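> just need the structure, nothing else, for what follows:
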Amino acid sequence: MEKNALWQAVLAKIEPDISRPNFLTWFQGTGIKEVEQNIATVFVPNAFTKEWLQNKYHKAILHAIRSITTDIRDITYIIGRFE
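Predicted coordinates for the structure are as follows:
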């Protein structure tokens with residue numbers, strides 16, 4: 001699955017469980033930069049968002065991504081914008 005399509009599928013699984021304002025705050029400006037060696041690298045707009053996703057939403061993101069593909073075993077987060 002192409003990385004942008006994968007991330008959109010992940011967001012579609014996460015969005016119903018989060019309030020709309022929280023979803024927009026924490027997931028706007030994010031995406032998958034790459035998938036290598038069974039690790040998805042998710043880009044985020046800033047350090048605060050990176051920390052928040054790692055601490056608050058990592059399990060939900062990992063669960064959503066694994067429900068779509070079993071190829072990904074973990075997620076890392078980086079600050080930046082990639083497309």
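> packing partners for the host helix or strand of Trp7?
For Trp7, the element it lies in under DSSP states H and E is helix 3-14. Judged by 3 or more C-beta pairs under 8 Å, 6 or more residues apart in numbering; DSSP states H and E, the packing partners of helix 3-14 are helix 20-27, strand 31-36, strand 39-44, helix 58-68. Every residue, glycine included, has its C-beta placed from N, CA and C.
> show me where pLDDT drops low in the protein?
Applying pLDDT under 70 to the chain picks out residues 82-83.
> just give me how far the helix holding Trp7 sits from the chain centre.
8 Å (C-alpha atoms, centre = their mean, to the nearest Å).
> keeping just the C-alphas, turn it into PDB.
Provided in PDB are the C-alpha atoms of helix 3-14 (Å, rounded to 0.1, in the frame of the first residue of the first chain):
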ATOM      1  CA  LYS A   3       2.400   5.500   2.200                       C
ATOM      2  CA  ASN A   4      -0.100   8.300   1.800                       C
ATOM      3  CA  ALA A   5      -3.000   5.900   1.300                       C
ATOM      4  CA  LEU A   6      -1.800   3.900   4.300                       C
ATOM      5  CA  TRP A   7      -1.700   7.100   6.500                       C
ATOM      6  CA  GLN A   8      -5.200   8.100   5.400                       C
ATOM      7  CA  ALA A   9      -6.500   4.700   6.300                       C
ATOM      8  CA  VAL A  10      -4.800   5.000   9.700                       C
ATOM      9  CA  LEU A  11      -6.400   8.400  10.300                       C
ATOM     10  CA  ALA A  12      -9.800   7.100   9.300                       C
ATOM     11  CA  LYS A  13      -9.500   4.400  12.000                       C
ATOM     12  CA  ILE A  14      -8.300   6.800  14.700                       C
END
